[in-house]
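Undergrad: Quick one, what's the 3D model for this:
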Amino acid sequence: MNDLPPDLPRLRTLETWLAVSLDRVRQQIAEAERREAERQQGEQARPPAPDWMLELGIGRDAVPVYVHEGGCWNAAKRSRGVPRDVALRALTEGVPACPHCRPDSALGYLD
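TA: As a prediction, this is how the structure comes out:
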């Protein structure tokens, strides 16, 4: 059972169509590889997540409203990374710990 046409003109047409299709597939592969390389480069260039964060309130005189662990899903966009000693000091000064990530437990600070 032969699924190809028997005559030369149709075979040449099929060959041309397959060559064009193969070129399009190769272009798509090259584009996908470029996007993947850019994504990986972006991940490698991204700075590491902070270990601790302070969530600041709204306004000019924004005061800390929560202490978070670095990967907390509940941290607001107004959060900034801080060193361990700053997070501990904020807890001792009365800034509440996030109830979701419990940084006070991770820091070893319990009221």
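Undergrad: hang on, Thr92 packs against Leu107?
TA: No - checked against CB atoms under 8 Å, the pair Thr92 and Leu107 is beyond contact range at 10.3 Å. From N, CA and C alone the C-beta is placed, and that goes for glycine too.
Undergrad: Among those two, which residue is more densely surrounded?
TA: Comparing Thr92 with Leu107 by neighbour count (other CB atoms under 10 Å), the higher total belongs to Leu107, at 18 against 10.
Undergrad: so the more buried one touches Leu88, yeah?
TA: Yes - proximity of Leu107 to Leu88 meets the contact threshold set by CB under 8 Å, at 5.6 Å.
Undergrad: so where do the helices sit in this structure?
TA: Taking DSSP state H, the helices of the chain run over residues 8-45, 84-92, 103-107.
Undergrad: just how off-centre is the first one within its chain?
TA: What that stands for is helix 8-45. Relative to its parent chain, helix 8-45 has a centroid offset of 27 Å by CA atoms, centre = their mean, to the nearest Å.
Undergrad: That helix - what's its average pLDDT?
TA: Per-residue confidence for helix 8-45 averages out to 96 on the pLDDT scale.
Undergrad: Tell me the buried residues in stretch 60-76?
TA: The neighbour-count criterion (16 or more other CB atoms under 10 Å) identifies Pro64, Val65, Tyr66, Val67, His68, Glu69, Gly70, Cys72, Ala75 as the buried residues of stretch 60-76.
Undergrad: could you list every residue that touches the fourth one?
TA: In this structure, Val67 makes contact with 52-55, 87, 90-91, 95-98, 103-104, judged by CB atoms under 8 Å, 6 or more residues apart in numbering.
Undergrad: most centrally placed residue in the protein?
TA: Glu43 (7.3 Å; CA atoms, centre = their mean).
Undergrad: Look at Val63 and report its pLDDT.
TA: In this prediction Val63 is given a pLDDT of 89.
Undergrad: no no, His68
TA: Confidence per residue is given as pLDDT, and for His68 that number is 93.
Undergrad: same question, Asp111
TA: Asp111 is given a pLDDT of 61.
Undergrad: ok, now Gly71?
TA: Confidence per residue is given as pLDDT, and for Gly71 that number is 85.
Undergrad: Likewise for Leu91?
TA: 93.
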